[in-house]
Structures are given as C-alpha cells and as structure tokens.
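missing the sequence, but the structure's below:
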Ligand SMILES: Nc1ncnc2c1ncn2[C@@H]1O[C@H](COP(=O)(O)OP(=O)(O)O)[C@@H](O)[C@H]1O
Ligand SMILES: Nc1ncnc2c1ncn2[C@@H]1O[C@H](COP(=O)(O)OP(=O)(O)O)[C@@H](O)[C@H]1O
Ligand SMILES: [Mg+2]
Ligand SMILES: [Mg+2]
Ligand SMILES: [Mg+2]
Ligand SMILES: [Mg+2]
C-alpha cells in the first residue's frame, strides 16, 4: 500500500507525541553540549504544526509537509527550526502534488530532506549534527528500495540507520552548531538533533506500519 | 600670587557653569561626528563634582583634582569620563599635597594631565581628539613659563592655544573614538572633546585671573 | 532614504539594546529588531516570522543589511531571504560580522548615505570595537 | 569555581541580553553586567562604579574576563583595573573581542573549567558567530 496524505498527517501527529515523550531526554542531551532547549524547541514546534493540521485542508502529503515546514520555521526557535523546516520544505517540493508515495518516492523525499539540511547548515558527515542520522538513513532507504522493499520497509530501514547514526555521534567532536564551541569536550555525548531525527524517522516507520 | 585649593575649587565650579552654558553647542558638535551626548556628559559630570565639592574637605589643589577625577569617571558616561578622569588624576598626582601652585607647577600639572589623556586614549596629535587641544596648550604653557610668565599668564597661554587647537581639528579626519567610524566624513567638523578642553582651560585662566 | 538594518538576535534585549546604541549615531536609519522567538512570552531563539516583519519594517527601497548573533540566527535569516521575490532579495545583504560592533559601524555608514554593499562591508570590517 | 565574566556595554539591555544568552550554555559561570551609566534612569554610557561592582560580583578567586562593546567601554574598563590591587588585577583579562560572540565563547570555555587565559583567548578567537 502506498503512503497518502492521511499517513503524512498521522506521521506529524506521532512526531508531536514522541517528541513530547522525549522532551526531557532531548533537553538533557542538549544540556551537555548545547543550551538545553532542543526538547523544548521540538515539542513546541510540532505542537504548533498539530494545531494547524487540526484546522484541516491538506489534501496531499506534499501539502502536509509544506505546512509542517512553514510552521517549524517560525516556532522552533533554535537551529532545528530552519533545519527541519528546510528538510520538510524540500520533501514537499520533491513530492509535488502527488497523492501517493511509492517506495521510490520515499527515497526521493528523504534524499531531498537530507539535502535540504545540508544546504541550510553546511555540515558534513562526521560533524556531529543531525546529518549523521539523515545520511545513513537515506543510504539505507536507497538500498532497501533497490532490493524491492515496500514503503514501510524503506522507512523502517531509514529509521534503524538513523538511530545507529545518532548513537555513532557520541565519540565525535562537533564542528557545526553550538556544540562546536565546546571543541574536543563535545566528544562523549550524543548529538541532540541526530537523536530527534532518529525519533522522527521512527515515527514515520511506525505510522506507516500501522496503516498497512 | 600662586594658585591655591581655593582657586582649584573655583576652577571646577566655573567648569560646571561654562559647560552648562555650552551644553547645546557641545551636543551639536557631537551630533555631527558622534552620538550627540558630549554636552550632556560634561554637564552631568561636572555637576556631580560640584555636588561633592559642596560637602567640603578638600585642603589642597591635588585633593580637589582627585575628587574631580574620581567623580568624572563614574558620572560622565562617555569616552570623556575616563579621559578627563585620568587627566585630573594625573594632575593631582603631579601636585602631590602641595598647598600652592607656582608657574612651573602649572606647566607640570598640565603636562601630566595631557600625558594621562594620551596614556588612556592612545591618540596622537592630528587624530582629531581632545589631544589636539591639550598638546598645543601644554607647549604654549611651557613657552610662557620659560619666558617668566605668572601662573595666570601661563594658564592664559594654554587656554588660547587650546582654543586654536580645537579650531584646527575642523579639517582633520578622526582616527580615534566614535568619530573614526565616519572616516573621511568626519572632516569639516570641530572635535567636541577638543572644544570642551578649550573651555575647561579657559575657565582655569579666567578663575585664576579673578583671584589675582 | 537610507539603507535599513535588521538586528537578528536570540535575545530580544540584545536586539533592542543594539538598536538604541546604533540609533544614537544614526538617527535617520531605520533599524528593526528581530529578537527572540515569536511565541509569548518570547523565548531565547529566532523566528522566521520576526525576521520577515523586521525586513519589511527596515526596507525603504535602498536595501537592508541583516546582522545576526549565533549560527542559528544566520540560518533563520538565510531561510527568510529564500522566500523573498528576487528583486527584494537582491537588495539585502547578510554580512559575516560581529553583531554589536558591526551594527554600529553599519548604522554610521548607512546614515551617511552608503549603498547596501558599503554598509555591509562596514559591518564586516568592524570585527572588534573602535 | 570557574572564571567569571563581566559584560561592559553602553546599553544595559545589551549587557543583560548577553548574560541571558551566555548563561544558557554556561549555567555555572558567574557573569555580571555593567551596562549603561550609574545615574538613574541609566543613560547610554559606561561607569567606573558599575564596572567595579561587576568585577567584585564575578570574581570568585579564579579570575575574570571583561568584555566590552565600544572603545570608551574599553577605556572605562582599563581605568577600573588601574585602581585594583596588583594581585586582583593580575587575574583579570581584557581581551580584544566581539562582545556577543566573544561572551558566548568565553562562557563555554569558563563553564568547562578553562583558566583565565584560556577563557580570554576563546573570546578573542570568536570574532564572528559560530
Ligand atoms: N549547521 C548545522 N547543520 C546541521 N545540523 C545542525 C547545525 N547546527 C545545529 N544543528 C543541529 O541542531 C541541533 C540543535 O538544535 P537546537 O537545540 O534546536 O538549536 P540551538 O543550538 O539553536 O539551541 C544540534 O544537535 C544539531 O543536530
Ligand atoms: N581615544 C581617544 N583619545 C583621546 N580623546 C578621545 C578618544 N576617544 C574619544 N576622545 C574624545 O572624546 C570626545 C567624545 O566624548 P563623549 O561624547 O563624552 O564620548 P562618547 O564618544 O563615548 O560619546 C571626542 O570628541 C574626543 O575628543
Ligand atoms: Mg539547543
Ligand atoms: Mg537554543
Ligand atoms: Mg559622545
Ligand atoms: Mg556617548
């Protein structure tokens, strides 16, 4: 079964819930190498999106993602705002006004989202940012899709790779964002944005799985 | 007649009055190449000194100058605070606890004051600052004293040279202080601090003349 | 008319303070604040919405120079520019400058009629205080 | 204990805003404001008195790094240092740094236990925002 606007909306609502549950955990990650607001930023941003979704009117996955993008940009407050905002905006552009998302389109919108984060933040893999979750996620998604996986399976592959990528940020030294102020002392802590990216992609896989 | 603590106090009170009269003029000079507060800064600073002098207790010229220095530093607010503060502090140090100031001591305390402004602000002659009033003043004072002038005559020579120096700042390009933000556009305006320095030295000569 | 300025800071106090400081030397320059998030009470952070309305406030036709504090403010500002029509955007500059020092230098340059490029480069040259 | 910071700005809003911004990343660092003049209402300017009491507030024995906005703030700060006893003064640094950017970098360095020289040079290196 291909993914629809209904799934896209369910995904964003699930993000809001999951990020609320992980609010404190993300704050603690950000306290260690940042300014202790990533959990708050993400919770507020997605809550604002949910409030807009409640008003209805988004007919395509692309429209849901565009609304998500625009709202995150104005409500998150931290670096995650323009970064996730750009990710969802590029995903929306990649999907256009398609009503359904097949496995290739899943890889397409994930790739566009990742490229958006790179364009906005200019981080490279290994800089200890959310890119270190998104890049393996995009690669795993591509591999799964080439092997004939379903849309749900592609998202599951992406989510697993993102979580592994987030864990793998722990030994890294930050070279972008606030954590880079800490230099070598940023090593030994997981990047909060990489972790929230993994949670968001897991929510994508979970909601897609439930709709099947 | 040598100059005493009574003269020193009269001088500072006269400064307060003269700077109040020239408040608007100094503000206008500072509006052209600065932030339009030099008149306000100087008026407030010297009014605060007068309030302290009213409490009494300054037995020597040095003590009057030290009180003046400390009060200006905390009340002027602009660059003129540390600059005139340092000038009067160095003048106080040069005079020690002498009860009277002879012509050589006039040259001595003026030189010390000028050196204090240079030490604090690191301006050179021609940088379009108060130094361009103080330096010719010190030179004229030295020349007059060598020629056998009285204390009053030494102060008059200094005041006249300071006013000429202030006028001569008009074509200069500022290289220190706020006016240096304007670069070449600072030319064509008189430096406010050079003008207030000339007023202050004129007040010194006038009060000394009246006491004779 | 002069080039306008927008001050994007994570802290609304910083944005307001920079404006009071820069305005002293540049009373005729339009300087607009985009400080803090747009929810109320405003948190420490930046907001696309606030940058957008500050840009509108500062623009009088001669262009706007945008000054930012931390990296995420730069990202918010860059994103805002992407939503502008090309001709508006072509009159906006986002120099790499120190916020307070750059804003004062830029304001003085704008006050004396500098172009948007001159104002931006005045900001970039003001790395530490004069 | 950590190295303390003093923020000398002509604007009390800037000084307070820099402190709220820097404190986010450095909750254990003592950061004291010396913003505006000492008369009330406070004007735009600096004051020896305010710098002196901010230095006392920030000093816990490991030294203090003083950050300033415009040149006259530097002069006020330098003057304040001249009145201190030599051993207190030897623990104070006055780096040439961009105010906001330098303060955040310095606060992070102080938070992680940097010496007064390390904190000062972190400020100097932070010429524009990260
Ligand atoms: N230049 C960048 N490129 C990619 N990701 C970045 C960049 N800067 C920051 N991030 C991500 O943003 C996360 C921090 O987000 P958040 O706490 O919301 O922002 P802030 O640092 O402004 O408080 C970091 O953990 C990192 O993953
Ligand atoms: N570095 C310096 N050395 C000598 N004089 C200076 C210096 N900086 C500023 N000044 C003097 O200070 C005057 C401005 O004083 P004021 O308006 O009180 O200060 P601010 O510029 O802080 O508003 C200038 O006109 C100039 O004469
Ligand atoms: Mg954060
Ligand atoms: Mg933040
Ligand atoms: Mg002034
Ligand atoms: Mg001033």
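Arrived safely, thanks for sending. This structure is a prediction, so every number in the text was calculated from the model and none was measured. Ligands and ions are numbered 1, 2, ... in the order given.

Now do the contacts for whichever residue of chain C sits closest to ligand 4.
Closest residue of chain C to ligand 4, Cβ to the ion: residue C:45 (5.5 Å). To be clear about C-beta, it is placed using only N, CA and C from the backbone, and glycine gets the same treatment. Going by Cβ atoms under 8 Å, 6 or more residues apart in numbering or on different chains, residue C:45 touches A:37, A:41, A:76-78, A:81, C:10, C:36-37, C:72.

In a helix, it, correct?
No - looking at residue C:45 with DSSP: H, G, I helix; E, B strand; the rest coil, it is coil, so not inside a helix.

For the contacts of residue C:45, give me a markdown table that also has neighbour count.
Shown next, in a markdown table, are these (neighbours: other Cβ atoms under 10 Å in any protein chain shown):
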| residue | neighbour count |
| --- | --- |
| A:37 | 23 |
| A:41 | 31 |
| A:76 | 31 |
| A:77 | 27 |
| A:78 | 31 |
| A:81 | 28 |
| C:10 | 28 |
| C:36 | 26 |
| C:37 | 24 |
| C:72 | 28 |
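
Can you lay out those residues as a markdown table showing secondary structure, pLDDT and distance to ligand 5?
Output for the contacts of residue C:45, formatted as a markdown table (DSSP: H, G, I helix; E, B strand; the rest coil; pLDDT from 0 to 100; distance: Cβ to the ion, whole Å):
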| residue | secondary structure | pLDDT | distance to ligand 5 |
| --- | --- | --- | --- |
| A:37 | coil | 97 | 39 |
| A:41 | helix | 98 | 41 |
| A:76 | coil | 97 | 41 |
| A:77 | coil | 96 | 37 |
| A:78 | coil | 96 | 38 |
| A:81 | helix | 97 | 39 |
| C:10 | coil | 98 | 29 |
| C:36 | coil | 97 | 30 |
| C:37 | coil | 96 | 35 |
| C:72 | helix | 92 | 35 |
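
Give me the three-state assignment for the spatially most central residue of chain C.
When Cα atoms, centre = their mean is applied to chain C, the residue found nearest the centroid is residue C:6 (2.3 Å). Three-state call for residue C:6 (three-state DSSP): strand.

Check what pLDDT it gets.
pLDDT for residue C:6: 98.

pretty sure it is touching residue C:53, no?
No - counting by Cβ atoms under 8 Å, residue C:53 is not a contact partner of residue C:6; they are 9.7 Å apart.

Common neighbours of these two, please.
C:32, C:34.

Just want the residue of chain A that's nearest ligand 4.
Closest residue of chain A to ligand 4, Cβ to the ion: residue A:78 (3.7 Å).

what's the nearest residue to that residue if we skip its chain neighbours?
Excluding the flanking residues, the one nearest residue A:78 by Cβ to Cβ, 6 or more residues apart in numbering or on different chains is residue A:41, at 4.4 Å.

Can you pull the residues of chain A lying near chain C?
Contacts of chain A with chain C, taken as Cβ under 8 Å from any Cβ of the partner chain, map to A:35, A:37, A:40-41, A:44, A:70, A:73-79, A:81-83, A:85-86, A:120-121, A:176-178.

roughly how far apart are whatever residue of chain A ends up closest to ligand 5 and ligand 6?
Ligand 5 sits closest to residue A:181 of chain A, with a gap of 34.6 Å, by Cβ to the ion. Counting by Cβ to the ion, to the nearest Å, the separation of residue A:181 from ligand 6 is 32 Å.

Was I right to think that residue contacts residue D:108?
Yes - between residue A:181 and residue D:108 there is a contact at 4.3 Å, judged by Cβ under 8 Å.

Next, show the common contact partners of the two.
With Cβ under 8 Å, 6+ apart, residue A:181 and residue D:108 have common neighbours residue D:25.

burial of residue 94, as a residue count?
No chain specified, so I'll use chain A. The number of residues packed near residue A:94 is 21, by other Cβ atoms under 10 Å in any protein chain shown.

my bad, chain C
Quick note: residue C:94 (other Cβ under 10 Å) scores 19 neighbours.

I'd guessed it sits against residue C:64; true?
No - Residue C:94 is beyond contact range of residue C:64, at 9.6 Å (criterion: Cβ under 8 Å).

how about low-confidence regions in the chain?
Unless you meant another one, I'm taking chain A. Along chain A, segments meeting pLDDT under 70 span A:1.

Chain C was what I was after
In chain C (pLDDT under 70), the answer is C:128-130.

Quick one: the helices in it, in order.
Assigned helices in chain C, in chain order: C:12-25, C:48-58, C:71-82, C:86-89, C:99-111, C:116-125 (criterion: DSSP state H).

Could you look over those helices and pick the most buried one?
helix C:99-111 (a mean of 28; mean count of other Cβ atoms under 10 Å in any protein chain shown).

In terms of secondary structure, what does that helix contact?
With contacts taken as 3 or more Cβ pairs under 8 Å, 6 or more residues apart in numbering or on different chains; DSSP states H and E, helix C:99-111 sits against strand C:4-9, helix C:12-25, strand C:64-68, helix C:116-125, helix D:99-111.

Tell me which of the ones you listed lies nearest to ligand 3.
Nearest to ligand 3, of all the helices and strands packed on helix C:99-111, is helix D:99-111, at 12.6 Å by Cβ to the ion.

is that closest one up against ligand 4 anywhere?
No - counting by Cβ under 5 Å from the ion, no contacts exist between helix D:99-111 and ligand 4, the nearest distance being 11.3 Å.

Just want the angle from that helix to strand D:4-9.
Between helix D:99-111 and strand D:4-9, the angle comes out at 170 degrees (axes from the mean of the first three to the mean of the last three Cα atoms, to 10 degrees).

how far off helix D:12-25 does helix D:99-111 point, in degrees?
Orientation check (the same axes, to 10 degrees): helix D:99-111 against helix D:12-25 gives 40 degrees.

distance between helix D:99-111 and the chain's centre?
9 Å (Cα atoms, centre = their mean, to the nearest Å).

In chain A, what residue lies closest to ligand 2?
Per Cβ to the nearest ligand atom, residue A:181 is where chain A lies closest to ligand 2, at 31.2 Å.

ok, now which ones touch that residue?
Residue A:181 neighbours (Cβ under 8 Å, 6+ apart): D:25, D:104-105, D:108, D:130.

Of those residues, just say which sits nearest to residue C:85.
residue D:130 (30.9 Å; Cβ to Cβ).

ok, residue A:126 - how many residues close by?
By other Cβ under 10 Å, 14 other residues sit near residue A:126.

between the helices and strands packed on helix C:99-111, which gets nearest to ligand 5?
helix C:12-25 (8.1 Å).

Now do the closest one: which elements does it pack against?
strand C:4-9, strand C:31-35, helix C:99-111, helix D:12-25.

before we move on, back to that, isn't the residue nearest to residue A:78 right up against residue A:76?
Yes - counting by Cβ under 8 Å, residue A:41 does reach residue A:76; the two are 4.7 Å apart.

Name the residues of chain C found near chain B, please.
C:24-25, C:104-105, C:108, C:112, C:130.

Please convert those to JSON lines, extending it with distance to ligand 1.
Formatted as JSON lines, those follow (distance: Cβ to the nearest ligand atom, whole Å):
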{"residue": "C:24", "distance to ligand 1": "30"}
{"residue": "C:25", "distance to ligand 1": "31"}
{"residue": "C:104", "distance to ligand 1": "25"}
{"residue": "C:105", "distance to ligand 1": "26"}
{"residue": "C:108", "distance to ligand 1": "30"}
{"residue": "C:112", "distance to ligand 1": "35"}
{"residue": "C:130", "distance to ligand 1": "30"}
